[in-house]
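Engineer: prediction below, plus the sequence it came from.
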Amino acid sequence: MTVGKSQVVEAARREVRLSREDLYWRYFALGGSVAREAVDGYLEGQVEMWSAAEVNILIQAVNERFSEMGLGIQVPYVNH
Amino acid sequence: MSTIEERPSGQHEAELDERERRLGEGSEEPAADTPVAEDDNDRSVASTFAAIALDLFSAGELSEVLRRIVEVATTVIDGCDLASVTMLEGDKFSTPVYTHTNALRVDEVQYSTEEGPCIDALLSGTVHGTATGWREQWPDWAARAEQAGIGSVLAVPLRIPNTEHLRLGAVNMYSYAGDGFTEADQEVALILSAHAAIAAVVTRERDEKEHQERTFQEALSSRDVIGQAKGMLMERHRISAEDAFDTLRRSSQGLNSKLRDVARELVQGSQDGEGLTARPEG
């Protein structure tokens, strides 16, 4: 996983005005298993290596927020 | 929002009598020509605030605590005709509770003119009011307040010293009289604000804890049903957990539903699991 993708997710989080805490709970609710501190580290670009599956769960959490706002899927998923 | 309607002006004297009676509850009524001993007054004020503390802490939500604060202010502070609370959320001031719309109006003038005793009390953490020379200090706001009939004002910060809770809000007390507040009133207002600040923080922290608990329980419930759905797909289609999640994800996109709702329908059998394709994202 590249830092570039994490920047896309972080930018999307800001765009939909989700706090990091809210995003984490949405990610956790979707089955995400990475700890809160590591998620924060990923969003800050400090953690480069995540499994694609976990990144997709995080992206799903952001995209569901886009859908709630009537904006459709905005962040592309990653292949694994 | 709960408001308390303005009382007819002719009842003001009767209300003062009532306040005196409440403050004197529990102590023997002195003879008319007998000076009230200072100790008796101290005891009656102390017992009043003991009751107020219990009352504030029994309030259910933050809004209820704030509503009780303004009620108590107009009850125990003789000169206080109107009361409200200013709160600061981010950089925005608001008045969540007030005893009369006049209090709300003069509060909102402060927010629009960005000056006034309530804003200063909140931001500085010190008492502001008529005694500090309001016409000179906040000329625009004072002129508008006087148009609304306000003769004097006392604004006391809601804060807990030596904690992060230094700018919770301010209790705003208005009087139609020009000399509505005495030094003794200011002392009483400070005691009230100290009780109110602690009650507000305790209530807010309790509300946040309950919210966190609800969020956690809902998240666990969601994880549980998604885990079950993934397990069903993995078994039916002999796919990995990652592919099972992708299947649910694509279905949620196609159905424009949340992933957990798709998972719940699958688990509840209202949606045919065989209908969900399990192709890796390409």
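Structural biologist: Noted; the coordinates are in hand. Numbers count the residues shown, from 1 in each chain, chains lettered A, B, ... in the order given.
Engineer: so who does the residue nearest in space to the middle of chain A touch?
Structural biologist: Compute the mean C-alpha point of chain A, and by CA atoms, centre = their mean the closest residue is residue A:58, 3.3 Å away. Listed by CB atoms under 8 Å, 6 or more residues apart in numbering or on different chains, the contact partners of residue A:58 are A:9, A:23, A:27, A:32, A:39, A:42. Just so you know, the C-beta spots here come from the backbone N, C-alpha and C atoms, and that holds for glycine as well.
Engineer: and the furthest pair within these?
Structural biologist: For those, the maximum inter-member distance is 12.5 Å, found between A:9 and A:32 (CB to CB).
Engineer: correct me if wrong: residue B:168 contacts residue B:86.
Structural biologist: No. Taking contacts as CB atoms under 8 Å, residue B:168 lies outside contact range of residue B:86: 9.9 Å.
Engineer: between those two, tell me which one has more neighbours.
Structural biologist: With neighbours defined as other CB atoms under 10 Å in any protein chain shown, residue B:168 and residue B:86 compare such that residue B:86 has more, 26 against 22.
Engineer: tell me which element the more buried one falls in.
Structural biologist: Per DSSP states H and E: residue B:86 is located in strand B:82-89.
Engineer: ok, that strand: who's next to it in the sheet?
Structural biologist: strand B:92-98 (antiparallel), strand B:169-175 (antiparallel) (DSSP bridges).
Engineer: tell me the most buried of those strands?
Structural biologist: Of all the strands paired with strand B:82-89, strand B:169-175 carries the top mean neighbour count, a mean of 29, counting by mean count of other CB atoms under 10 Å in any protein chain shown.
Engineer: what residues of stretch B:127-134 count as buried?
Structural biologist: B:127-130, B:134 (16 or more other CB atoms under 10 Å in any protein chain shown).
Engineer: what's the closest of these to chain A?
Structural biologist: Nearest to chain A among those is residue B:128, at 33.6 Å by CB to the nearest CB.
Engineer: got a list of what the closest one touches?
Structural biologist: By CB under 8 Å, 6+ apart, the contact set of residue B:128 is B:117-118, B:120-121, B:137, B:155.
Engineer: what does residue A:62 give?
Structural biologist: By CB under 8 Å, 6+ apart, residue A:62 lies in contact with A:9, A:12-13, A:16, A:18, A:23, A:74-75.
Engineer: got it, and residue A:53?
Structural biologist: A:80, B:241-242, B:245.
Engineer: got any ranges where the chain has weak pLDDT?
Structural biologist: Using chain A here. For chain A, the stretches with pLDDT under 70 are A:1-3, A:48-49.
Engineer: hmm, I had chain B in mind actually
Structural biologist: The model of chain B has pLDDT under 70 over residues B:1-45, B:131-132, B:270-282.
Engineer: show me what from the stretch 101-250 of chain B comes close to chain A.
Structural biologist: Contact residues (CB under 8 Å from any CB of the partner chain) of the stretch 101-250 of chain B with chain A: B:215-216, B:218-219, B:222-223, B:226-227, B:230, B:241-242, B:245-246, B:249.
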